[in-house]
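Enquirer: the sequence and its predicted three-dimensional model are supplied below.
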Amino acid sequence: MSSELLWYLSRATGVVSIVLLTVVVVIGMVTAGRRRPHADRATIAAGIHRWLSLGMTVFIATHIITAVAEGYVDISWLSVVVPFTSGYETVWIGFGAIAIDLLVTIIVTSLLRHRISERYWRGIHWASYGLWLFAIIHGFALGTADQPILQGITLACGVVGGLAASWRVAVSHADTDRRQEIKSQEWV
Amino acid sequence: MSNIIELINAAGLTGRGGAAFPSAIKIKAAKENKARLIVNVCDGEIGAAKDGWVVANHLNELLEGVALITSGHAKPIFAAHRDSTTARLLAAAGLKVLEVPHRYVSSEETSLISLAHGGTARPMTKKAPFVFGGQRSDGKRIRPTVVLNAESVWRVSQISRRGVDWFRSYGTDAEPGPRLVAVGGFVSTPSIIEAAAGIPLMDLINLAGGLDPSVRFVGVGGLGGILLTADEARSAIWDTPTMKSYGGGLGPGIITVWDPRQAAAHTAGAMIAYGAGESAGQCGPCMFGLPALSADWNAFAMHPGADSHRRLQNRLTLFERRGACAHPDGVSRFATSALRVLGPELLQSQPYFAGGNQPTEVLSYV
Amino acid sequence: MSNARAVESELARIGIDRVLCTGHGICARTLPEAVALDEWGYPILATDAVPPADAKLAVKLCPARALFLR
C-alpha cells in the first residue's frame, strides 16, 4: 500500500473512531443517568454500549497501525503507548497515547468486571470521560486540523459529548436520591 | 475440649437470635476458617431484652462459651448498642465492644460484620456465609467472621458444663434445650423467662403477670414476627410448628402483650411505619417498597374497603427474598399477620369509618 | 417427567445482588420468562432457573453488575 493511501486510511479510521467513541460514551452516560420506564431502550443501549465499544477497537487499531506504518511522519510503536515520546507532534500524539492506555485499561477491566472489585471497576470506568476528552483533543489538533469537514465532525462530537456530560451531572433519579438520603443518616 | 462441636451437635443447639440455624455447623465452620467471633448482644428486635440479661447475669459463663468456641485465636468482639447498659457492662469487663448505632437493621448479622470491617452498620449481600470470608457488594474484602447470639454462646458453656442430657431435658425432641423469652408489653411484671419449646404460651405470659381480660392481641417476635388474637394466644403452644401455623416462628424469643387501650390497627401501622423508616436504603424493593406498604396499610386502616384491602394484599406479595437482608421479609410477615388478625374487623367497621357522610346515629353508636 | 428433569438440570441459576441493583430493568427484557419488574423497575424473580445462554447474556448486559450466576 502506498504511503498516501495509508495516510488517508489513518485519517478516516481516526475520525470514525472519534464518532464511535462518542456514541459509546454518550450511550454509557444515558445508561448511567436514566431509569424506568425505558427498559426496552435501556436494553438496546446496554447492548450497543457493550458491543460497539468492542467493535470500535477495530477502527482504532487500524488507525494506529496505518499511522505508524505510513512513512510520511515518524511515529514509533513506543509512542503509541508511552505518552509524549513521539518526535512528531509530541503533545498531541501523547494525548492519543494516553487515550489508548485508558481505553485498554477500561476495556480489560470491563471484560473482567465479574472477577475484580466493583469499586475498582467503577473508579476506572470514570476515566472514560478523560479517555474521550483526550481522544477529541488529539483528533482535533492533529489529523483534522486542515480538513474542515473532519474538523467539523470532531467538533460536533465534542459538543454532543459535552452536552451529554452536563446532562449526566445535572440528572438524577429516584434510586440514587433515596440511597443518598438514607446513607446520610447515622450508620456507624 | 476438641469434641465441643460433637457435644453441641448432640445437644441440638440452634441459634437463639431467631434464625434457628444449627450452631454446631456454624461453629465448626468458624473453627475451620479461623473466623473472628462477634457475639451479638444488641437485642435489636422490638421488645428484645434477653441477650443483655445474659451479660448482666451470666457474664462468666458467656465468656466461658466464647473460649470454647474460639479456642484462643483472634480476640472476640461483643456487639452492643452505643451507650447502652449492656455496652457499659461489657466495657467494664475489659472486653472489646463494637458500638452499634441505634438502627433496627444494624444489629443484623451482616451489618455487624460490615461495621467490624470499618464499614457502615448496614446489611451486606450474602452470596455465601461470611464465616468463609467474602466480599461486600462494592468489592471490599471481608475476612472470615462468625456472628453468634449471646444466648447461643451462653448455652454452649452450659452444654459443656452440664452435659447433653441436661440440655435435652428441656424442650421438645425437635427443639431441645432451654431458651430465654422476654415477655413484655401490657403485663404487670415484664420478665425474662427461662423457658423451653413445647409449653403453653400462656404459661410464659402468666409468669409475667398474666393476660388481662381486656387484652385482645399478643405479638410474637416483634417487628419481624406475628400477631395473635388473645384467644389464639390462650391456646397456643410455644413451639415452631404452632407459630408456623400462624405464619411465624419462635424468633428471638419475644412475646409482647398489646395494650388494649390503643387501637391495634394504629399500633401495627406505627410499627410498619417504623420498619419503613429503618430501611438501610440499599435495596430498591425495601427502600421504596416498605414506605409504600406503610402507606397502603394506613390507607386500609383509615378507609377499610375491598379496594384498599386488595391493594394492601397485593403489596404484601412483593417482599419475599427481595432484600440483601430479611428486613423487608420480616416487616411484610408482620404486616401479613396483622392483616390476618385485624383485617376482618376493620372491614366490618367499614360503614362507620369509611365515608364521611354516615348517619350520625351510626357514628354515635360506635 | 424424566425429560423435564433433564431440562431442569441444564438450566443455569441466577441471583440478584439487591444492593447493587439500581433498577435499569434490562434483565426483564433479556430474561422475560424469569424476571418481571415492580413499579419502581426492580426485578421480581418468578424463577431463578433460566437457559444458560440467556443467563450469560443477561449477566453481561446488567449495567449495575447486580445479576450473577450462582
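Expert: That came in fine, so what should we check first? All values reported here derive from a predicted model rather than from experimental measurement.

Enquirer: grab the nearest non-local neighbour of the residue nearest in space to the middle of chain A.
Expert: Using CA atoms, centre = their mean, the residue of chain A that lies closest to the mean C-alpha position is A:Trp132, 3.7 Å off. Excluding the flanking residues, the one nearest A:Trp132 by CB to CB, 6 or more residues apart in numbering or on different chains is A:Val25, at 4.7 Å. C-beta: built from backbone N, CA, C; applies to glycine.

Enquirer: which residues touch that neighbour?
Expert: Taking CB atoms under 8 Å, 6 or more residues apart in numbering or on different chains as the criterion, A:Val25 is in contact with A:Ser128, A:Tyr129, A:Trp132, A:Gly161, A:Ala164.

Enquirer: now the fourth one: which helix or strand?
Expert: Right, A:Gly161. Using DSSP states H and E, A:Gly161 sits in helix A:148-170.

Enquirer: what is that helix packed up against?
Expert: Applying 3 or more CB pairs under 8 Å, 6 or more residues apart in numbering or on different chains; DSSP states H and E, we find helix A:148-170 packed against helix A:3-33, helix A:128-141.

Enquirer: so of those, which one's packed in deepest?
Expert: helix A:128-141 (a mean of 21; mean count of other CB atoms under 10 Å in any protein chain shown).

Enquirer: give me the average confidence score over whichever strand or helix holds B:Asp231.
Expert: Assignment of secondary structure by DSSP H and E places B:Asp231 within helix B:230-235. Mean pLDDT, helix B:230-235: 98.

Enquirer: grab the nearest non-local neighbour of A:Trp7.
Expert: A:Glu70 (4.8 Å).

Enquirer: got the phi and psi for the closest residue to A:Ile116 other than its chain neighbours?
Expert: Excluding the flanking residues, the one nearest A:Ile116 by CB to CB, 6+ apart is A:Thr109, at 6.3 Å. Taking degrees, to the nearest 10, you get phi -70, psi -30 for the backbone angles of A:Thr109.

Enquirer: please look at A:Thr109 and A:Gly123 and confirm they touch.
Expert: No - using CB atoms under 8 Å, A:Thr109 is not in contact with A:Gly123, being 9.4 Å away.

Enquirer: contacting residues for A:Leu66?
Expert: Careful, residue A:66 is Thr and not Leu. Here A:Thr66 is in contact with A:Leu6, A:Trp7, A:Leu9, A:Ser10, A:Thr13 (criterion: CB under 8 Å, 6+ apart).

Enquirer: tell me the strands beside the longest strand belonging to chain C, with direction?
Expert: If you go by DSSP state E, chain C has its longest strand at strand C:12-16. The strands beside strand C:12-16 in its sheet (DSSP bridges) come out as strand C:49-50 (antiparallel), strand C:67-69 (antiparallel).

Enquirer: ok, back up a step: measure the residue nearest to A:Ile116 to C:Arg65 for me?
Expert: 12 Å (CB to CB, to the nearest Å).

Enquirer: can you check which residues contact both of those two?
Expert: Joint contacts of A:Thr109 and C:Arg65 (CB under 8 Å, 6+ apart) are A:Trp121.

Enquirer: quick one: the helix ranked longest in chain C to strand C:12-16, angle?
Expert: Longest helix of chain C, by residue count under DSSP state H: helix C:52-61. Angle of helix C:52-61 versus strand C:12-16, following axes from the mean of the first three to the mean of the last three CA atoms, to 10 degrees, is 30 degrees.

Enquirer: next SSE after the longest strand anywhere in chain B?
Expert: As assigned by DSSP E, the longest strand anywhere in chain B is strand B:178-185. Where DSSP H and E defines the elements, the next helix or strand beyond strand B:178-185 is strand B:191-196.

Enquirer: low-confidence regions, chain A specifically.
Expert: A:1, A:144-145 (pLDDT under 70).

Enquirer: residues in it within reach of chain C, list them.
Expert: Applying CB under 8 Å from any CB of the partner chain, we find that chain A lies next to chain C at A:31-32, A:35-40, A:42-43, A:46-47, A:50, A:113-114, A:118, A:121, A:174-176.

Enquirer: pull out the buried members of these.
Expert: Buried by 16 or more other CB atoms under 10 Å in any protein chain shown: A:31-32, A:35-36, A:38-39, A:42-43, A:46-47, A:50, A:113, A:118, A:121, A:174-175, out of the residues of chain A next to chain C.

Enquirer: contacting chain B as well, which ones from these?
Expert: A:Glu118, A:Trp121, A:Ala174, A:Asp175.

Enquirer: quick one: which of those is nearest to chain B?
Expert: Proximity of these to chain B (CB to the nearest CB) peaks at A:Glu118, which lies at 4.4 Å.

Enquirer: what about that closest one, distance to C:Val35?
Expert: Taken as CB to CB, the span from A:Glu118 to C:Val35 is 21 Å.

Enquirer: B:Pro178 now?
Expert: On the measure of CB to CB, B:Pro178 and C:Val35 end up 45 Å apart.

Enquirer: okay, those two: which has more neighbours?
Expert: With neighbours defined as other CB atoms under 10 Å in any protein chain shown, B:Pro178 and C:Val35 compare such that C:Val35 has more, 23 against 17.

Enquirer: what residue ranges in chain B score low on pLDDT?
Expert: Looking at chain B by pLDDT under 70, you get B:1-2, B:72-73, B:350-366.

Enquirer: spell out which parts of it neighbour chain A.
Expert: So chain B meets chain A at B:101-103, B:106, B:115, B:120-122, B:135, B:137-140, B:279-282, B:284, B:287-288 (CB under 8 Å from any CB).

Enquirer: again, 7 Å this time
Expert: B:101, B:103, B:115, B:120-122, B:137-139, B:279-281, B:284, B:287-288 (CB under 7 Å from any CB of the partner chain).

Enquirer: just to revisit the earlier point, which strands and helices lie in contact with the longest helix of chain C?
Expert: Judged by 3 or more CB pairs under 7 Å, 6 or more residues apart in numbering or on different chains; DSSP states H and E, helix C:52-61 is in contact with helix A:39-69, strand C:12-16, helix C:26-30, strand C:67-69.

Enquirer: ok, and what's touching that helix?
Expert: A:43, A:46-47, A:50, C:12, C:14, C:26-27, C:30-31, C:67-69 (CB atoms under 7 Å, 6 or more residues apart in numbering or on different chains).

Enquirer: what of stretch A:56-65?
Expert: Stretch A:56-65 is contacted by residues A:Leu9, A:Ser10, A:Thr13, A:Gly14, A:Val16, A:Ser17, A:Leu20, A:Leu21, A:Val24, A:Val80 when judged by CB under 7 Å, 6+ apart.

Enquirer: any chance of those residues in TSV, plus distance to B:Asn3?
Expert: Below are the contacts of stretch A:56-65 laid out as TSV (distance: CB to CB, whole Å):
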residue	distance to B:Asn3
A:Leu9	77
A:Ser10	75
A:Thr13	72
A:Gly14	73
A:Val16	72
A:Ser17	68
A:Leu20	67
A:Leu21	65
A:Val24	62
A:Val80	66
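
Enquirer: those residues: which two are farthest apart?
Expert: Farthest-apart pair in those is A:Leu9 and A:Val24; separation 21.6 Å (CB to CB).

Enquirer: ok, so of the contacts of stretch A:56-65, who is nearest chain B?
Expert: A:Val24 (24.1 Å).

Enquirer: distance of the residue nearest to the closest one when sequence neighbours are not counted from A:Ile137?
Expert: Leaving aside its sequence neighbours, A:Val24 sits nearest to A:Ser53 (CB to CB, 6+ apart; 4.6 Å). Computed with CB to CB, the distance linking A:Ser53 and A:Ile137 is 20 Å.
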